[in-house]
Every structure is written in C-alpha cells, then in structure tokens.
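K.L.:
Fold the following.
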Amino acid sequence: MRIVFAGTPEFAATALAAIVDAGFQVVLALTQPDRPAGRGMKLAPSPVKRLALARGITVATPQSLSLKREPEAAAAAQAQLRAARADVLVVAAYGLIVPQAVLDIPAGLPDAGCGRITAMNIHGSLLPRWRGAAPVARAIEAGDTVTGITIMQMDAGLDTGPMLLAEPTPISPVDSTAALTERLAMIGARLIVTALHDGAAARLLATPQPAEGVTYAHKLAKSEAWLDFALDAELLARRIRAFDPFPVACAGRCGIVVKFWRARALPDPADAAPGTVLAASADGLHIACGSGTLMVTELQRPGSRRLSAAEFLAGMPIHAGEVFSGRPSETGGLA
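P.N.:
Model prediction:
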C-alpha cells in the first residue's frame, strides 16, 4: 500500500511514526512550511517534517492545496501527489484545507459502504461533536467528561465524512489540552494502523455521522487568553487547562502579564470584587470570581519559567486585597 501522509504537529508525527513502524510505505509527507519558533524566532521545521526526513520520506511544504487560493503552489502540489501514485491519503492535524480535487487523486481502498476510501482523517473527538480546528481544547473548556479519536473517511466538508473507527477516552479533572492531546495521539496512531490494515482487507464499515449532536470547535484565538474574573470559577479553571499550551490563560497585575497554568475552582463564596486576591500562600493564590473562588497553583511572570505558587510568590510577592485585571485596554495597556 502506498500512502501519502499530511500533518504538522506532534499529534500527527506520532501517527506517522506508527504507520511507518507498522511496515506501510509512506511515499510522500505533506506538512506546513517552516515557521519561526523559540526566543530567536528562527525558522523551524514541523514535527512531521523532522520525522519524515529522519525516516527518509520525501517532504513537500505547499502553502496551499487550493487552486483558488494559490494556483501555482497548489498546481505543483497536486502534480506531486499524482506522481506519488498513492493508494490512500492519511490526514492528521494538517492545518490546510484539503479540497475535493486532492481527495480524488489517490486510487482508494475498497468501498466500506460510502464509496472507495481515498482519504482518512485522524480527528481528536468523537464525531459529530467538536468538528473543527480545536476539538481537544473545546471539549475541556465545555466541561466534557469524555472525548476520543474518530477515524473518518474524508469528504469536502468540515469533518463531515463517514466514520470508520472510534475509541473514547475519559477527560480527567486535571487534564490540560497538552496532556490530553498526547494521550489522544497514541490512540489515534494505533487506530489509524488498524484502519489501514482493515481497509486494505475490506473489513471497514463506514457509518454516516448523525445529524444530531453536531458542535464546532472554533480555532483558539490569543484574545481568549485573558481571564474574565466575573465568570464562574469552574469555567475559568477549565479554560486554564484548555488554553495549555496555547494561548495560555493570563491576567494583568500592575501592568505585568501573569500567565496562569494550573488552577482549580473552590466553592467558597467570595465577598469581594471579581479579580480580588483573597489570600496568597505557598498553596496558591485565591482569587474572587463572579461565582466561587479560583485557586491558582502554577503561574509564570515575564522572562521566567512556569513556577509553583510558592516559587512565584518568592519572586513576586502578592498580597490579599490586590486585584488582577482581565483584558488589555484599547490603548494597549492592561485594563
């Protein structure tokens, strides 16, 4: 079986490694172009590109696969795909729209009930819940107690194709997006290998997604990172976990942006304005919210690393009665 793989982050690299280790022939890897990274903002390859090159796989980094968006780049990429003579395209967190013209290029695996399988997607939710760009973070933010991986037969819609395989996993009260994504990556890697074996042997059964229960996981924005302490403490605690590693929840104190990495909600009623520090100790910062109290146990100040509350307070003392602000003002300072 000849496979073209399309993906970008570590989540996708985990799947690519499993496919190669299972003995499948990956003839081409598509990934996002190198991006600035680190303090020096030097161009760095994606995890998929690094792995593919280490495994001797040809890599392509087109800016787009859509002839409408980038005609020359897309035409060259599509020509490279045709030359690869793939049986199937496997996609995992690629980051580019894959148009129908590209989905039609592979020869395809046997029909599983919804036409020949030319492309499979490894999606980080139990479809049809959380279609879209940020399914793991949105599941945590919403307070879901379970999520999973769906292997989907791709069509031109946004994660709308028939489901081929799925496996659930619980979301724990301490799961961050980083931790849960790592666990889902392992599940996805195992499921895609099963799907490829079963697909080649005509053992897959495609199931159309139900019309009920559809939700959309919109892309995370940096503006969402600013915590609004007028909200419920439980929601804020979930957002702190959901926004790790991006965009990282934060608040302002004396013109300084403080990042919040770990917190939990306490049911204690707060007789103070939202954002007011109720107590500051080695155990954590207790901050008044619109409902309940947020206990922050891991923070980060500019130029420093992630610190426990005790370490943070040793370098930046905070006292009861001080107030954290939520969002930057229109003039660019902290509101």
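K.L.:
Centre of the chain to the helix or strand harbouring residue 75, how far?
P.N.:
Per DSSP states H and E: residue 75 is located in helix 71-84. Its chain's C-alpha centre and that of helix 71-84 lie 27 Å apart, by CA atoms, centre = their mean, to the nearest Å.
K.L.:
ok, for residue 322, nearest residue in space, not its chain neighbours?
P.N.:
In space, not counting the residues next to it along the chain, residue 322 is nearest to residue 277; the distance is 4.7 Å by CB to CB, 6 or more residues apart in numbering. In this view, the C-beta of every residue, glycine as well, is placed from N, C-alpha and C.
K.L.:
likewise residue 291?
P.N.:
Distance criterion CB to CB, 6+ apart; nearest residue to residue 291, sequence neighbours excluded, is residue 232 at 4.4 Å.
K.L.:
what pairs with residue 216 across the strands?
P.N.:
residue 131 (DSSP bridges).
K.L.:
need the contact list for it.
P.N.:
By CB atoms under 8 Å, 6 or more residues apart in numbering, the contact list for residue 216 reads 130, 131, 132, 158.
K.L.:
Closest one to residue 27 out of these, please.
P.N.:
Nearest to residue 27, judged by CB to CB, of the contacts of residue 216 is residue 158 at 27.3 Å.
K.L.:
Please report phi then psi for that closest one.
P.N.:
Dihedral pair for residue 158: phi -90, psi 90, per degrees, to the nearest 10.
K.L.:
Buried ones in stretch 278-297, by neighbour count?
P.N.:
Residues of stretch 278-297 classed as buried: 278, 280, 284-297 (neighbour count, 16 or more other CB atoms under 10 Å).
K.L.:
Centre of the chain to that stretch, how far?
P.N.:
Mean C-alpha position of stretch 278-297 versus that of the full chain (CA atoms, centre = their mean) differs by 28 Å.
K.L.:
Show me the buried residues of stretch 278-297 that map onto strands.
P.N.:
The strands, defined by DSSP state E, take in 278, 280, 284, 285, 286, 287, 288, 293, 294, 295, 296, 297 from the buried residues of stretch 278-297.
K.L.:
Can you tell me who the second one pairs with across the strands?
P.N.:
Applying DSSP bridges to residue 280 yields these beta-bridge partners: residue 285.
K.L.:
what's the domain layout of this structure?
P.N.:
Using automatic domain parsing, the domains assigned to the chain come out as 2-217, 222-315.
K.L.:
tell me what the top helix by length along the chain is packed against?
P.N.:
Across the chain, the longest stretch assigned as helix under DSSP state H is helix 177-200. Secondary-structure packing of helix 177-200 (3 or more CB pairs under 8 Å, 6 or more residues apart in numbering; DSSP states H and E): helix 10-21, strand 88-92, strand 119-123, helix 135-142, strand 146-153, strand 163-170.
K.L.:
Looking only at residue counts, what's the top strand in this structure?
P.N.:
Ranked by residue count under DSSP E, the longest strand found in the chain is strand 256-266.
K.L.:
Run through who's touching that strand.
P.N.:
Against strand 256-266 from outside (CB under 8 Å, 6+ apart): 173, 176, 227, 232-234, 236-237, 240-241, 244, 248-252, 284, 286, 289, 292-302, 306, 324, 334.
K.L.:
Please point out which parts of the helix holding residue 75 sit buried.
P.N.:
73, 74, 77, 78, 81, 84.
K.L.:
For the first one, list the residues it contacts.
P.N.:
To tie it back to what came earlier, the one meant is residue 73. Contacts for residue 73 (CB under 8 Å, 6+ apart) come out as 62, 63, 64.
K.L.:
Got a quick ChimeraX command for the buried subset of these?
P.N.:
The buried residues among those can be selected in ChimeraX (16+ other CB under 10 Å) with this line:
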select :62,64
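K.L.:
And the contacts of residue 73, which is closest to residue 17?
P.N.:
Set against residue 17, the nearest of these by CB to CB is residue 62 (22.4 Å).
K.L.:
Would you mind measuring from that closest one to residue 312?
P.N.:
Separation of residue 62 from residue 312 (CB to CB, to the nearest Å) stands at 44 Å.
K.L.:
same deal with residue 129?
P.N.:
The gap separating residue 129 from residue 312 is 36 Å, by CB to CB.
K.L.:
In terms of packing, which of those two has more residues around it?
P.N.:
It is residue 312, of residue 129 and residue 312, that has more neighbours when counted by other CB atoms under 10 Å, with 24 against 21.
K.L.:
Excluding covalently adjacent residues, which one is nearest to that one?
P.N.:
Closest to residue 312 by CB to CB, 6+ apart is residue 299, at 4.5 Å.
K.L.:
ok, residue 184 - contacts?
P.N.:
Residue 184 makes contacts with 11, 124, 136, 147, 148, 149, 169, as judged by CB under 8 Å, 6+ apart.
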